[in-house]
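Trainee: Provided below for reference: sequence and predicted model.
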Amino acid sequence: MPRNPKDKCDTTWEEKYGTDLNGNLPQHKTKECVDDVIDLITIQSTFPWVSLADFHYHHFKCPYSIESNVHFIKDTDRNSFTYWQNKNVFTEAAAHVATGGLMIRFNRGSKYGWLCVDPECPYYKGTVSGSTGGIPYFYY
């Protein structure tokens, strides 16, 4: 029977990693739980249909977030001569405070991909080139 992913977040350091003979915790650094990174109340004020379960997949970060290591996107205009080249949007990236840059798994009809649901995303706000605003960034 698979474990509940939330169990991992609810345990203490001592239960997870144990201690040495003197009761000291190990010096091993781990990633934070998704539950600690996500500000669900802020996200749901703009996207009320999003739940915490939407973030419990493989983590992919928005290229418009400064938290991401990859800032390349495809050109959205199929008729453009740069359509097959990646465009670097590092200079247009901004902090994604509510999501930490994490995107949710999403599908648009038959297209499966990742959707950025951070209300401060510059693509959603329409402050970046190629964005009209009000539409979350979708990567497939």
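Mentor: Great, that's in hand. Numbers count the residues shown, from 1 in each chain.

Trainee: hey, let's count contacts and neighbours off CA atoms from now on
Mentor: OK.

Trainee: Distance-wise, check residue 50 relative to residue 72.
Mentor: 25 Å (C-alpha to C-alpha, to the nearest Å).

Trainee: List the buried residues of the strand or helix carrying residue 45.
Mentor: If you go by DSSP states H and E, residue 45 is part of helix 40-46. Neighbour-count burial for helix 40-46, counted by 16 or more other C-alpha atoms under 10 Å, picks out 40, 42-43.

Trainee: Hmm, residue 65 is touching residue 101, no?
Mentor: Yes - with contact taken as C-alpha atoms under 8 Å, residue 65 and residue 101 are classed as touching, separated by 5.4 Å.

Trainee: who's in contact with residue 96?
Mentor: 65-67, 118, 120-121 (C-alpha atoms under 8 Å, 6 or more residues apart in numbering).

Trainee: likewise residue 138?
Mentor: By C-alpha under 8 Å, 6+ apart, the contact list for residue 138 reads 113-116.

Trainee: of these, buried ones?
Mentor: 114-116.

Trainee: any low-confidence regions in this structure?
Mentor: 1-8, 13-14, 17-32, 76-78, 82 (pLDDT under 70).

Trainee: Give me the phi and psi for the spatially most central residue of it.
Mentor: The structure's the chain has its C-alpha centroid closest to residue 102; by C-alpha atoms, centre = their mean the separation is 0.6 Å. With angles defined as degrees, to the nearest 10, residue 102 sits at phi -70, psi 140.

Trainee: and what of the one 10 residues further on?
Mentor: For residue 112, the backbone dihedrals (degrees, to the nearest 10) come out as phi -100, psi 140.

Trainee: Quick check: it vs residue 91, distance?
Mentor: Counting by C-alpha to C-alpha - residue 112 and residue 91 are separated by 27 Å.

Trainee: so residue 92 touches residue 125, yeah?
Mentor: No - contact criterion C-alpha under 8 Å: residue 92 and residue 125 do not qualify, at 11.9 Å.

Trainee: my guess is residue 106 meets residue 136, correct?
Mentor: No - counting by C-alpha under 8 Å, residue 136 is not a contact partner of residue 106; they are 11.3 Å apart.
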